[in-house]
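>>> Test case, fold it:
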Amino acid sequence: MALAASLMLGCSPEKQLTFDVEYGFYENFMREPVGDRGQFTCQVRIEENYRGEKWVPSVILAAAEDDNEDSTLFLSSYPVEEGTQRVFALRTHVNEKPVIREWPLTGPNRNDRYGLRVAWHADGSISYQMDNGEGWSAPATVHDPGFKVRHVSAHASGVKGSASCRLSDDDTSD
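Residues are numbered from 1 along each chain as shown. Alright, predicted model coming up:
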């Protein structure tokens, strides 16, 4: 899986990314270093969800401090088993230890099309939004995540599909 072409900070054009990751595997399909503030948005289209007993098929955006992503905010989404509902999940880890684990939104699965957005701010906070086909949710904020964002990345696990992603140094929503 090749990494996406490097995005320049500023207002980057959307990049079309594809992924096909088997059940039980986790791959990075984009990773970029970032400055003190910015926003990373992906509109996702899933063609196939690979299911098994232990893992859920998902796409994950990460805002991380370190290369191993031991201190990271993860925003992800996955369909509930019968596929009629979609769940959005938020997790943070600091030094490999889980800190936050929440499910801020559950709604209808709209043909496996959805959006994920993370924004990091000069004050150290990280905000996030989800789009389940009805427009972006109001931004929610983790005020003190316990780490500084130095890179963002996008990952896939157990899914085949594509994403239109945009990275910018503007930390406000569209």
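>>> make it CA atoms for all contacts and neighbour counts henceforth
OK.
>>> What ranges in the chain fall below the confidence cut-off?
Scanning the chain for pLDDT under 70 picks out 1-12, 174.
>>> Centre-most residue in this protein?
residue 61 (1.8 Å; Cα atoms, centre = their mean).
>>> What residues are bridge-paired with it?
Per DSSP bridges, the residues bridged to residue 61 are residue 75, residue 154.
>>> please renumber so the chain begins at 35
Got it, the first residue is 35 from now on, which makes the last one we talked about residue 95.
>>> unless I'm mixing things up, it is touching residue 150, no?
Yes: Residue 95 is in contact with residue 150 according to Cα atoms under 8 Å; the separation is 7.1 Å.
>>> what do these two both touch?
109, 110 (Cα atoms under 8 Å, 6 or more residues apart in numbering).
>>> Which helix or strand contains residue 135?
Using DSSP states H and E, residue 135 sits within strand 131-142.
>>> Now that strand - C-alpha only, PDB.
Presented in PDB, the C-alpha positions along strand 131-142 are these (Å, rounded to 0.1, in the frame of the first residue of the first chain):
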ATOM      1  CA  LYS A 131      -2.500   3.900  28.200                       C
ATOM      2  CA  PRO A 132      -6.200   4.300  27.200                       C
ATOM      3  CA  VAL A 133      -7.700   7.600  28.600                       C
ATOM      4  CA  ILE A 134     -10.900   8.300  26.700                       C
ATOM      5  CA  ARG A 135     -13.200   5.700  25.100                       C
ATOM      6  CA  GLU A 136     -16.500   7.200  23.900                       C
ATOM      7  CA  TRP A 137     -19.100   6.600  21.300                       C
ATOM      8  CA  PRO A 138     -20.300  10.200  20.500                       C
ATOM      9  CA  LEU A 139     -22.700   9.300  17.600                       C
ATOM     10  CA  THR A 140     -24.800   6.300  16.400                       C
ATOM     11  CA  GLY A 141     -27.100   6.700  13.500                       C
ATOM     12  CA  PRO A 142     -28.400   5.100  10.300                       C
END
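>>> Give me the helices and strands touching the following helix or strand past it, please.
Sequence-wise, the next helix or strand downstream of strand 131-142 (DSSP H and E) is strand 147-154. In terms of contacts (3 or more Cα pairs under 8 Å, 6 or more residues apart in numbering; DSSP states H and E), strand 147-154 is packed against strand 72-83, strand 92-98, strand 106-113, strand 160-165.
>>> can I get the CA coordinates of the shortest one in CSV?
Right, strand 160-165. The C-alpha coordinates for strand 160-165 follow below in CSV (Å, rounded to 0.1, in the frame of the first residue of the first chain):
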residue,chain,number,x,y,z
ILE,A,160,-8.2,18.7,19.7
SER,A,161,-11.7,18.9,18.3
TYR,A,162,-13.6,16.4,16.2
GLN,A,163,-16.7,16.1,14.0
MET,A,164,-18.6,13.3,12.2
ASP,A,165,-20.8,13.5,9.1
